[in-house]
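In: this is a predicted model, with the sequence first.
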Amino acid sequence: MNDTNLIQAFRALDKSERRALRKWVNSPFFNQREDVVRLFEYLNKNVPFGADPIEAALLDKKTAYSQVFPARAQNYSDADMRYAMSFLYQTLKQFLAYTQWAENDFETGRYLCRSLQHRHLDQVFEKEYAALNTGIAEASLRSVDYFFQQYHLHLEGWEVFRRARRSDSDVLLKAGAARDAFFASETLRMACAVLAQPGNHDPTSESVYLQATLTAMESGAFQQHPAVMAYYHCFWILSDKSGAAEPHFQWLTEIIHAHWTVFPKNEIRDLYIGAINYCIRRLNSGDRKYIREALNLYRSGLDRKVILEDGYLNRYTYNNIMLLALGVEEWDWALNFLETYKAVLPPRERDNAWRYNLGTYYFRKKEYDKAQDILRKVEFRDAFYNLDARRMLVRIYMDTNEMAALDSLLDSFTIYLQRKRSTLGYHKELNHNFVRFVKSLLNLRTNDTEGREKLRAQITSAQYVAEREWLLGKL
């Protein structure tokens, strides 16, 4: 019973939603079965909220049956119990669908207009239609959903105007323009989503509208819609493999900074991330000016609170921002950022992510005493934090000539890699080679020129080596 759809959905309800569901279940309009009411009360009492563990005994079907069917508690019927669960689940689904629908004022208004139109209540319809039109015209968000709403509302108006034999060309033209903007923005948005996925996907082969949309954009269509233009430029920077999309990057960032309020939070976040990922790709190609571009985008996204997801800052984003700030030597800003945004890291990862990044900060600043104090005393739960921390300590010990500590660390590093070999993938080889080459460096004699060149060739030719540039710099 614990793993049924009913129980999973029930657990996701908060207290206020359960109170509303009780009213729903007890309303004869939505439910007329007393066994469903009793099953709701049983679950409401015995199913904990959220991720708390469920005691299997409390949710045993037979135990529940005695509460749901008290008059025949001794004669358990699995079929009756399943029927009660099924009816409650259907009622719960209707409740969830209704609450989601009722949160959207436009959708409730549109369906009201449709109902009025079907009942030929044209005078009432026109008042509601005008109110919805005004609401859309005053809306601050003007992206994909905005065009979709315009299109459907104009269609509802056309049905009434056509029936009344009033001129309908204007409303049809508005509906067509909104439809085109919707198709263009949604087609480009989906193409961007495909390009953002791992792998080499070609969105032009998966959409019959994409090439036509690109052609229309190239001929000057949709210039008046920042949302459509943003996705057009984002498409080209995500498609870029040669660095030729620089103008599209500049146009996209201009739209982001000037028109970010027209997008819902999830859309503007995706556009920010698309622009930032373009910067990262250019950085990986050696173009260091994009350090500043990426950092400025992150700062803007933080200031506007659009980089956070569900109120939290992803730990990898936290790390990337700090490293970019160090890349342009904004040491004070980076330290302030680490402290300020620690509070919005996910709670389970907060302390580890903060300590790891603080240790990295002091390591990059070459304040080795402070870095060691953090990196040596903390056992990072995340394996990749652990690997990075060990490599930083290796570099510190070599730079400060702490040979005894270095020998001990290299031995424990090897043991750790063996213990974690099943979960590290290629990172095991990457770090194993790092340890191996560090040991080889330590064994080189000062005047062994031939040995140094041989080791240089091995480091250069190895497929996976962590800290390759640092190792080569030690030769």
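Out: Here it is on my side, so go on.

In: mind telling me what element the closest residue to Tyr298 other than its chain neighbours is part of?
Out: The spatially closest residue to Tyr298, leaving aside those adjacent along the chain, is Ile321, at 4.8 Å (C-beta to C-beta, 6 or more residues apart in numbering). Glycine gets a C-beta too; all of them are placed from N, C-alpha and C. Assigned by DSSP states H and E, Ile321 belongs to helix 315-327.

In: in that helix, what's buried?
Out: Within helix 315-327, the residues scored as buried using 16 or more other C-beta atoms under 10 Å are Arg315, Thr317, Tyr318, Asn319, Asn320, Ile321, Met322, Leu323, Leu324, Ala325, Leu326, Gly327.

In: out of those, which is nearest to Leu188?
Out: Distance to Leu188 across the buried residues of helix 315-327 (C-beta to C-beta) is lowest for Thr317, with 24.6 Å.

In: tell me the contacts of the closest one?
Out: Tyr298, Ile307 (C-beta atoms under 8 Å, 6 or more residues apart in numbering).

In: can you rerun that using 6 Å?
Out: By C-beta atoms under 6 Å, 6 or more residues apart in numbering, no residues touch Thr317.

In: I'd like to know how far it sits from Ala353.
Out: 10 Å (C-beta to C-beta, to the nearest Å).

In: which of the buried residues of helix 315-327 lies closest to Ile396?
Out: Leu326 (16.4 Å).

In: quick one: secondary structure of Ala221?
Out: Under DSSP: H, G, I helix; E, B strand; the rest coil, Ala221 falls in the coil class.

In: list of residues touching the helix or strand bottoming out on mean pLDDT in the chain?
Out: Of all helical and strand segments in the chain, the minimum by mean pLDDT, DSSP states H and E falls on helix 421-424, at a mean of 82. Helix 421-424 is contacted by residues Lys428 when judged by C-beta under 6 Å, 6+ apart.

In: tell me which residues in it are buried?
Out: Leu424.

In: got phi/psi on Lys474?
Out: phi -90, psi -10 (degrees, to the nearest 10).

In: what about it, neighbour count?
Out: 17 (other C-beta atoms under 10 Å).

In: please, which helix or strand holds the closest residue to it other than its chain neighbours?
Out: Leaving aside its sequence neighbours, Lys474 sits nearest to Leu441 (C-beta to C-beta, 6+ apart; 5.6 Å). Using DSSP H and E, Leu441 maps to helix 426-443.

In: which residues touch the helix or strand just after that helix?
Out: The element immediately downstream of helix 426-443 (helix or strand, assigned by DSSP H and E) is helix 449-461. For helix 449-461, the surrounding residues in contact (C-beta under 6 Å, 6+ apart) are Phe437, Ser440, Leu444, Leu471, Leu472, Leu475.

In: just the buried residues of helix 315-327 now: which is nearest Glu293?
Out: Nearest to Glu293 among the buried residues of helix 315-327, with distances taken as C-beta to C-beta, is Leu324, at 9.5 Å.

In: tell me the pLDDT of the closest one.
Out: Leu324 is assigned 96 on the pLDDT scale.

In: got the contact list for it?
Out: By C-beta under 6 Å, 6+ apart, the neighbours of Leu324 are Ile291, Ala294, Leu295.

In: now it. Nearest residue, chain neighbours left out?
Out: Nearest to Leu324 is Leu295, by C-beta to C-beta, 6+ apart, at 4.2 Å.

In: again with Trp470
Out: Arg395 (6.4 Å).

In: where do the helices sit along the stretch 1-150 of the chain?
Out: 5-11, 15-26, 34-46, 61-68, 78-102, 105-118, 122-137, 144-163 (DSSP state H, counting those that start in this stretch).

In: with the stretch 201-350 of the chain instead?
Out: 210-218, 226-239, 246-259, 265-284, 289-303, 315-327, 331-340, 350-364.

In: tell me which of the ones you listed is the most buried.
Out: Among the helices of the stretch 201-350 of the chain, ranked by average contacts under mean count of other C-beta atoms under 10 Å, first place goes to helix 226-239 (a mean of 25).

In: hmm, who's touching it?
Out: So helix 226-239 is contacted by 143, 184-185, 188-189, 191-192, 195, 217, 222, 245, 248-249, 251-252, 255, 259, 262, 271, 274, 278 (C-beta under 6 Å, 6+ apart).

In: now swap in stretch 245-263 and tell me
Out: By C-beta under 6 Å, 6+ apart, stretch 245-263 touches 140, 142-143, 226-227, 230, 233-234, 236-237, 268, 271, 275, 278.
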